[in-house]
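Engineer: No sequence on hand, only this structure:
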């Protein structure tokens, strides 16, 4: 397990405090705006159980426009570290549609383009669907025919649970499975996560535990080892 150092936790909190104050003002002034934005500071950018920053911190931001009919589009960016040389950043563009089916089912479908400036050979697109039941339970299914620029398939499916707790705390649990075509060169693997969060108006702080099974470790070595991650984020409006 990779424990979060106290000094890093304090640094992340100090970095996020001005953003939280600005988000509070934006929420109050622009609650009816179709535009929303997010910013986060995290001790490790973990994607499907694997560190994308060589276990170093990441700073992330996103901007989304949502139309009255549920169609949305946006962009999201983070620093990454896959070793010496490029890329140093990931920039994702996405477009999707979100709709409620009755009171208990929400469906979201999104196309996401993962882009890596300076290393375009890694770019790929992915179609992602997420169905949420009774607000607390979700099933995610994602498909690409060009995982990591390999011209072969990658499929990801996950079950998740998200529950509100007293005092503005929240609990999130998920288990996912990544499967790949032969040309990707990776073994199918499973990832797990459990996180506890607390909201402070538009800001939230979460502490999560992430891990993969042995196949994940065989694929990515220490980058897929168990770890604890601290994240501070703000969203507005």
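Structural biologist: That came through, no problem. None of the values given here were measured: they were computed from a predicted structure. Numbering: from 1, shown residues only.

Engineer: SS state for residue 85?
Structural biologist: The three-state assignment at residue 85 reads coil, by DSSP: H, G, I helix; E, B strand; the rest coil.

Engineer: And residue 44, by the same measure?
Structural biologist: coil.

Engineer: I'd say it and residue 224 touch.
Structural biologist: No - Residue 44 lies out of contact with residue 224 (Cβ atoms under 8 Å); the separation is 11.9 Å. The C-beta positions use only the backbone N, C-alpha and C, and glycine is treated the same way.

Engineer: intersection of neighbour lists for those two?
Structural biologist: residue 51 (Cβ atoms under 8 Å, 6 or more residues apart in numbering).

Engineer: thought residue 196 was touching residue 206?
Structural biologist: Yes - assessed by Cβ under 8 Å, residue 196 is found in contact with residue 206 at 6.8 Å.

Engineer: who's more crowded, these two?
Structural biologist: Each of residue 196 and residue 206 has its neighbours counted (other Cβ atoms under 10 Å); residue 206 has more, 18 against 14.

Engineer: Quick one: residues contacting that one.
Structural biologist: Contacts for residue 206 (Cβ under 8 Å, 6+ apart) come out as 172, 195-198, 230-233.

Engineer: spatially speaking, which residue is in the middle of this protein?
Structural biologist: Central residue of the chain (Cα atoms, centre = their mean): residue 47, 6.5 Å from the mean position.

Engineer: now that residue, which residues is it bridged with?
Structural biologist: Following DSSP bridges, residue 47 is listed with bridge partners residue 50.

Engineer: same check, this time on residue 195
Structural biologist: Going by DSSP bridges, residue 195 forms beta bridges with residue 172, residue 208.

Engineer: could we number from 51 for the rest of this?
Structural biologist: From this message on, residue numbering opens at 51, which makes the last subject residue 245.

Engineer: neighbours of it, just the number please.
Structural biologist: Residue 245: 18 neighbours (other Cβ under 10 Å).

Engineer: Please name the residues that touch it.
Structural biologist: By Cβ under 8 Å, 6+ apart, the neighbours of residue 245 are 221-223, 256-259.

Engineer: Please indicate which of those are buried?
Structural biologist: 222, 256-258 (16 or more other Cβ atoms under 10 Å).

Engineer: tell me the two of those residues that are most distant?
Structural biologist: Comparing every pair within those by Cβ to Cβ identifies 222 and 257 as the most remote, at 11.0 Å.
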